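Novice: structure for the following, please:
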Amino acid sequence: MPLLLLDLDNTLLPRDAAFRAWAEDFLAENNLPAGDLDWLVMLDGSGYVPRSTVLGAAKRRYGIDRSVESMLGHYRLGINSHINCPDSHVRALREAREAGWTLGIVSNGGTRPQLEKIRLTGLAAMVDGWVISEEARCVKPDPLIFEIAARRCGFRPAGDWTAETWMVGDYGPADIAGAEATGLRSVWLHHGRPWAERGYRPTVSAPDLPEAVRLILGAAERPTAARGFAAAPGRKRPPRTRLAVPASRLAPSPTSSGPKAPFTRSMPFTGAVPLTPLGPVASPAKSPATTPSSPATASVAAAVTLPTAAQARWSDASTAAG
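Specialist: A predicted model of the protein is given here:
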C-alpha cells in the first residue's frame with residue numbers, strides 16, 4: 001500500500017483565504033478602513049509571520065485597547081468559522097483512498113491550533129494519521145517527522161519505505177526540502193508562483209491539490225516492488241503497487257539524494273504543470289518553532305497531547321503555517 005503524505009495549511013486547507021475572510025470581519029467589526037485589508041494580508045505573510053507580530057502591529061496601528069493575548073483568542077475563534085476543506089479536496093482524498101493509498105498529514109506548528117483545524121474540517125476522519133511538529137518535537141524538513149507520520153499511519157520501518165511514498169506541499173524549505181532529505185518523491189503546489197530554491201526542486205509541480213493527486217495516481221500501476229514499511233500486525237493491505245512514471249517528466253534533479261524506484265515510460269502522463277525555471281525570487285524565511293528531540297511513537301490518539309497554555313501562533317509551520 002503506497003503512502004501519500006500531505007501538508008496542512010495552503011495544501012489541504014486554503015489557509016490564506018480563511019485569513020483574508022477573518023481580516024475582512026476584523027475591519028468591519030471594529031469600524032476600521034476596509035482599504036486596510038491588503039495591509040493586513042501583507043503583514044500576515046501567508047501565516048509565516050508570528051501571530052503576536054501581526055496582531056501587535058494591528059493593535060498599535062488602530063489604537064486597540066486590548067491585550068495581544070485577548071486579540072489572539074478572538075482571532076482563533078474568528079478564523080475557525082472560515083476554515084474548511086474544499087469539496088474538490090475531499091473528492092481527491094477519496095480517490096486516493098479508493099486507489100489503495102494510505103493518507104497522512106505532516107504539519108509544522110502548534111499542536112492545539114493545528115489539531116483544531118484537522119478536527120473542525122473533518123480531516124481526522126479522512127486520513128490514517130497525522131503528526132504536528134510541536135507535539136512530535138521535530139520540524140519539517142527533518143526526515144524524522146516524515147518517519148513518525150508513516151508510523152502513525154499504521155506502518156513500521158522495514159527497508160526502503162520511501163520507494164512508494166510521496167509528499168505534497170506548498171512550501172519549498174519545509175515540504176519539498178524535507179521530502180528531498182528523506183528520499184521521497186514530491187509535488188509542489190505552486191499556486192501561481194515560480195520555484196525559487198536553487199539547491200533542490202520538487203519531482204513535479206501542480207497548481208492545486210486535486211491536480212497533484214491526479215498526477216500521483218496517474219503514476220501508480222501494478223504490483224511488483226516491495227514496500228519498505230511493513231504493515232502493522234492485523235492491518236489489511238491491498239495488493240502492492242509500483243510507480244510507473246515517465247522519466248522525462250518526473251526524473252529527479254541531479255541534486256536529488258537517495259535511491260528512487262525505477263521509472264518506466266509505459267504510462268502517458270497528462271495535465272502536469274511544468275516547473276518554472278529557477279529565478280531570483282527568495283522564499284519567505286522561517287524560524288524553527290521547535291527543537292528536535294525524541295519522537296513520540298504511540299498511536300495518533302495517544303500521541304497528540306494538547307498543551308495547557310494557549311499557543312502564540314495559529315498558523316502552520318515554524319512560526320506559522322505548514
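Novice: I figured Trp188 hits Gly169, correct?
Specialist: Yes. Here Trp188 reaches Gly169: they are 7.0 Å apart, a contact under CB atoms under 8 Å. All C-beta atoms are positioned from the backbone trio N, CA, C, and that covers glycine.
Novice: where's the nearest residue to Leu103 once chain neighbours are set aside relative to Ser46, distance?
Specialist: With sequence-adjacent residues excluded and distances taken as CB to CB, 6 or more residues apart in numbering, Leu103 is closest to Val127, at 4.3 Å. Using CB to CB, to the nearest Å, one obtains 23 Å as the distance from Val127 to Ser46.
Novice: Arg214 - how many residues pack around it?
Specialist: 17 (other CB atoms under 10 Å).
Novice: what's across from Gly4 in the sheet?
Specialist: Residue 4: Leu, not Gly. Leu103, Trp166 (DSSP bridges).
Novice: correct me, but it touches Leu103?
Specialist: Yes. Using CB under 8 Å, Leu4 is in contact with Leu103, at 5.4 Å.
Novice: overlap of the contact sets of the two?
Specialist: Ala96 (CB atoms under 8 Å, 6 or more residues apart in numbering).
Novice: pick out whichever of these two has more residues nearby.
Specialist: Remark: of Leu4 and Leu103, Leu4 carries more neighbours, 26 against 21, as counted by other CB under 10 Å.
Novice: just give me the neighbour total for the closest residue to His190 other than its chain neighbours.
Specialist: Spatial nearest neighbour of His190, excluding adjacent residues (CB to CB, 6+ apart): Ser205 at 4.9 Å. Neighbour count of Ser205, defined by other CB under 10 Å: 24.
Novice: so how far is Tyr75 from Ser205?
Specialist: 32 Å.
Novice: quick one: the strands in the chain?
Specialist: 3-6, 102-107, 129-132, 155-157, 165-169, 185-189, 204-206, 229-231 (DSSP state E).
Novice: return the list of strands paired to the third one, each annotated with direction.
Specialist: Strand 129-132 pairs in its sheet with strand 102-107 (parallel), by DSSP bridges.
Novice: using CSV, list the CA coordinates for the strand it pairs with.
Specialist: Only the C-alpha atoms of strand 102-107 are listed here, as CSV (Å, rounded to 0.1, in the frame of the first residue of the first chain):
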residue,chain,number,x,y,z
THR,A,102,-2.6,5.4,2.9
LEU,A,103,-3.0,9.1,3.8
GLY,A,104,-1.2,11.1,6.4
ILE,A,105,-0.8,14.8,7.4
VAL,A,106,2.6,16.3,8.2
SER,A,107,2.3,19.7,9.7
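Novice: residues making contact with it?
Specialist: 1-9, 12, 93, 96-97, 114, 118, 123, 126-133, 140, 145-146, 149-150, 152-155, 167, 169, 175, 178, 316-317, 322.
Novice: mind listing which of those are in helices?
Specialist: 93, 96-97, 114, 118, 133, 145-146, 149-150, 152, 178 (DSSP state H).
Novice: how many other residues sit next to Gly192?
Specialist: As a measure of burial, Gly192 has 7 neighbours, counting by other CB under 10 Å.
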